[in-house]
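Trainee: Structure here, sequence nowhere to be found:
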């Protein structure tokens with residue numbers, strides 16, 4: 001039987017770096033999604049307050065194995 005994958009979009013944030021934001025987002029998503037296969041970074045941005053970067057944000061597409069219930 002061939003595999004089917006579902007793709008969703010998630011956004012992660014970190015005060016330290018884009019890499020940490022991506023890692024935290026995938027680890028958080030993995031708590032409710034099983035068999036994540038690929039996480040693709042689509043967009044990077046920063047939240048700025050008073051002319052200072054306060055958060056790095058990563059928008060990602062995540063694919064995981066889909067098992068119809």
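Mentor: Everything's here; your move. What you are looking at is a predicted structure, and each value in this text was computed from that prediction instead of being measured.
Trainee: Helices of this structure, residue ranges please.
Mentor: Taking DSSP state H as the test, the helices found in the chain are 18-29.
Trainee: Can you list the low-confidence ranges for it?
Mentor: For the chain, the stretches with pLDDT under 70 are 1.
Trainee: in it, which spans are strands?
Mentor: Taking DSSP state E as the criterion, the chain contains strands spanning 5-14, 36-49, 52-65.
Trainee: right, so those strands: which one is the most enclosed?
Mentor: Mean neighbour count (mean count of other C-beta atoms under 10 Å) peaks for strand 52-65 among these, with a mean of 16. Yep, even glycine has a C-beta here, placed from its N, CA and C like the rest.
Trainee: ok, back up a step: the strands of the chain: which one's closest to residue 27?
Mentor: Taking C-beta to C-beta, strand 5-14 is the member of the strands of the chain nearest to residue 27, at 9.0 Å.
Trainee: who does the closest one touch, helix- and strand-wise?
Mentor: The contact analysis (3 or more C-beta pairs under 8 Å, 6 or more residues apart in numbering; DSSP states H and E) places strand 5-14 against helix 18-29, strand 36-49, strand 52-65.
Trainee: Can you check which of these gets nearest to residue 5?
Mentor: Checking the helices and strands packed on strand 5-14 against residue 5 by C-beta to C-beta gives strand 52-65 as the closest, at 4.6 Å.
Trainee: Any chance of JSON lines for the strands of the chain, columns distance to residue 24?
Mentor: Converted to JSON lines, these look like this (distance: least, C-beta to C-beta, whole Å):
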{"stretch": "strand 5-14", "distance to residue 24": "5"}
{"stretch": "strand 36-49", "distance to residue 24": "12"}
{"stretch": "strand 52-65", "distance to residue 24": "9"}
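Trainee: Report the separation between residue 5 and residue 45.
Mentor: As judged by C-beta to C-beta, to the nearest Å, residue 5 and residue 45 stand 26 Å apart.
Trainee: related to what we said a few turns ago, and the helices and strands packed on strand 5-14 as a markdown table, adding distance to residue 12?
Mentor: Listed next are those as a markdown table, based on distance: least, C-beta to C-beta, whole Å:
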| stretch | distance to residue 12 |
| --- | --- |
| helix 18-29 | 3 |
| strand 36-49 | 10 |
| strand 52-65 | 5 |
